[in-house]
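> Kindly return the folded structure for what I paste below:
(one chain, ligands or ions: 1)
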Amino acid sequence: MDEALKFRALGFIGLGAMGKPMVIHLANKLPPESRIYVFDVVAQVVDDLCAQFPGRVLKGSSARDIAQKVETIITMVPEGSHVRSVYLDPQNGVCSIDISNKLLVDCSTIDTATSLAVKDHISRNFPTASFYDSPVSGGVVGAVKGTIAFFLGCAESDPNVKRLTYLASLMGKQVIPCGGPSLGLAAKLSNNYLSGIIAIACSEAMDMGMRSGLDPRTLAKVYAAGTAQNTICDRFNPVPHVYPEAPSSGGYKEGFKVQLMRKDFSLAVDMAKRVGSKNVLGEIGLATYDGASKDPRCRDLDSRVVYRYLGGQEDWQKKTNGS
Ligand code: NAD
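Okay, the predicted model is just below:
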């Protein structure tokens, strides 16, 4: 409880698909005396959330206003440009007031360079304030269920790890300190690069096996038993009705949007270039997700819809008499 008492006034900026359910968990789980001040550029989402938790979730008028009211701020906005604006806007940004001693946690998935630039600005101007990158994994379903994982941009020995772990435990399940500033993002981007590449490879491998006459369920069993075993194939199989709970089996409707995969994949490829890491699959992977996210048959659907984009057979059950 001593950790909880430190969060009497908490700020949250960015109430979208991820941010809103995260605030709902905080509102349901923080001690009764805690207040959460929220801000989003879309006024309606702020009003809705405040109406859902009257007296508990309170409206802020800007990022600056939130910073004036609280000691700890979590941000969850789409891209690096939004993170810059939230923190560094000279009129309305968090850093436009004295933020000494405040704890700032950015959960957005953005490029490491922007995150480091924001951190650097804060360290130079407010040496006692602490800024952390802490991107999350687990998607909207995980945010609603409270099962997301946090990849924390600091060492395990960082003095704020206990506070950050407590806070994250209210919204998710796992917290992994990744070693230092921007390394939470580097971990998240390299993870999504790998997951994105596996989804393409799995789609192609399934397709070539199926066109050769194999039942996709047999193929999935073979991969699971062999050296190709991976989570995309086991639980997110891009071929519909191989794994009943995979987004593909529900028309690719629930899951991680292909446009978000395109964004994260592009950030990962840029990061690889910046750090001098050679990746032969980067450009082709990016072109694939770029094409899929612009294709009206795939846009807004789960990223494993890349199987459809690559021409995979979805109605295979009809051809095998539904057995
Ligand atoms: P979203 O677009 O649903 O929500 C973002 C919110 O930020 C919106 O409500 C928007 O109005 C608000 N916003 C934008 N600029 C702002 C500003 N300057 N000040 C205040 N509010 C502002 O996006 P999301 O799906 O919630 O994703 C947020 C971040 O989390 C992204 O970086 C995304 O990559 C990452 N992420 C998303 C998922 C997912 O499955 N959706 C999973 C893991 C990580």
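
> just the strands in the protein please.
Along the chain, the stretches classed as strands by DSSP state E are 9-13, 35-39, 57-59, 72-75, 103-106, 130-133, 136-137, 148-152, 172-177.

> list the helices and strands the lowest-mean-pLDDT helix or strand in the chain packs on?
Here the helix or strand of the chain ranked lowest by mean pLDDT, DSSP states H and E is helix 316-319, holding a mean of 86. With contacts taken as 3 or more CB pairs under 8 Å, 6 or more residues apart in numbering; DSSP states H and E, helix 316-319 sits against no other helix or strand. From N, CA and C alone the C-beta is placed, and that goes for glycine too.

> Buried residues, it. List them.
Buried residues in helix 316-319, counted by 16 or more other CB atoms under 10 Å: Trp316.

> Kindly report the same for stretch 208-224.
Quick answer for stretch 208-224 (16+ other CB under 10 Å): 209-210, 215-217, 219-220, 223.

> for the stretch 1-150 of the chain, what are the low-confidence residue spans?
1-6 (pLDDT under 70).

> near the ligand, which residues of the protein?
Within the chain, the positions near the ligand by CB under 6 Å from any ligand atom are 13-19, 39-42, 45, 76-78, 82, 85-86, 108-109, 136-137, 139-140, 256, 260.

> Mind giving me the ChimeraX select for these, buried ones only?
The ChimeraX command for the buried members of the residues of the chain next to the ligand (criterion: 16+ other CB under 10 Å) is given here:
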select :13,14,15,16,18,19,39,40,45,76,77,78,82,86,108,109,136,137,139,140,256,260
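
> Let's see which of the residues of the chain next to the ligand end up in helices.
19, 45, 82, 85-86, 139-140, 260 (DSSP state H).

> Would you check which pair of these lies furthest apart?
Ser85 and Gly139 (25.0 Å; CB to CB).

> Restricted to helices, list the buried residues of stretch 208-224.
Among the buried residues of stretch 208-224, the members falling in helices (DSSP H) are 209-210, 216-217, 219-220, 223.

> picking up where we left off before, specify the stretch among the strands of the chain that is closest to Gln91.
strand 35-39 (14.3 Å).

> give the contact list for the residue of the stretch 1-150 of the chain found nearest the ligand.
With CB to the nearest ligand atom, the shortest gap between the stretch 1-150 of the chain and the ligand falls at Gly16, namely 1.7 Å. With contact taken as CB atoms under 8 Å, 6 or more residues apart in numbering, Gly16 is in contact with 40, 45, 76-78.

> export those residues to TSV and tack on distance to Phe53?
Putting the contacts of Gly16 into TSV (distance: CB to CB, whole Å) gives the following:
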residue	distance to Phe53
Asp40	15
Val45	13
Met76	17
Val77	21
Pro78	24
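
> Which of those residues sits closest to Thr231?
Checking those one by one against Thr231 (CB to CB), the nearest turns out to be Met76, at 24.8 Å.

> Can you give me the domain assignment for this protein?
3-181, 186-319 (automatic domain parsing).

> How far does the last one sit from its chain's centre?
Averaging C-alpha coordinates over domain 186-319 and over its chain gives two centres that are 17 Å apart (CA atoms, centre = their mean, to the nearest Å).

> can you pull the contacts of the closest residue to Ala228 other than its chain neighbours?
Nearest non-adjacent residue to Ala228, counting by CB to CB, 6 or more residues apart in numbering: Ala205, 7.2 Å away. Going by CB under 8 Å, 6+ apart, Ala205 touches 219, 223, 228.

> Same check on Val46?
Neighbours of Val46 in contact, by CB under 8 Å, 6+ apart: 15, 38-40, 59-60.

> swap in Thr128?
100-101.

> for the nearest residue to Ala117 once chain neighbours are set aside, what are its contacts?
In space, and not counting its chain neighbours, Ala117 is closest to Arg84: 7.6 Å by CB to CB, 6+ apart. Neighbouring residues of Arg84 by CB under 8 Å, 6+ apart: 114, 117-118.

> can I get those residues in TSV with distance to Asn101 and neighbour count?
Converted to TSV, the contacts of Arg84 look like this (distance: CB to CB, whole Å; neighbours: other CB atoms under 10 Å):
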residue	distance to Asn101	neighbour count
Thr114	24	23
Ala117	22	17
Val118	17	26
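
> Look up phi and psi at Val280.
When read as degrees, to the nearest 10, the backbone of Val280 gives phi -70, psi -20.

> Quick check: the closest residue to Phe151 other than its chain neighbours vs Met22, distance?
Of all residues not flanking Phe151 in the chain, Gly184 sits nearest, at 3.9 Å (CB to CB, 6+ apart). Separation of Gly184 from Met22 (CB to CB, to the nearest Å) stands at 16 Å.
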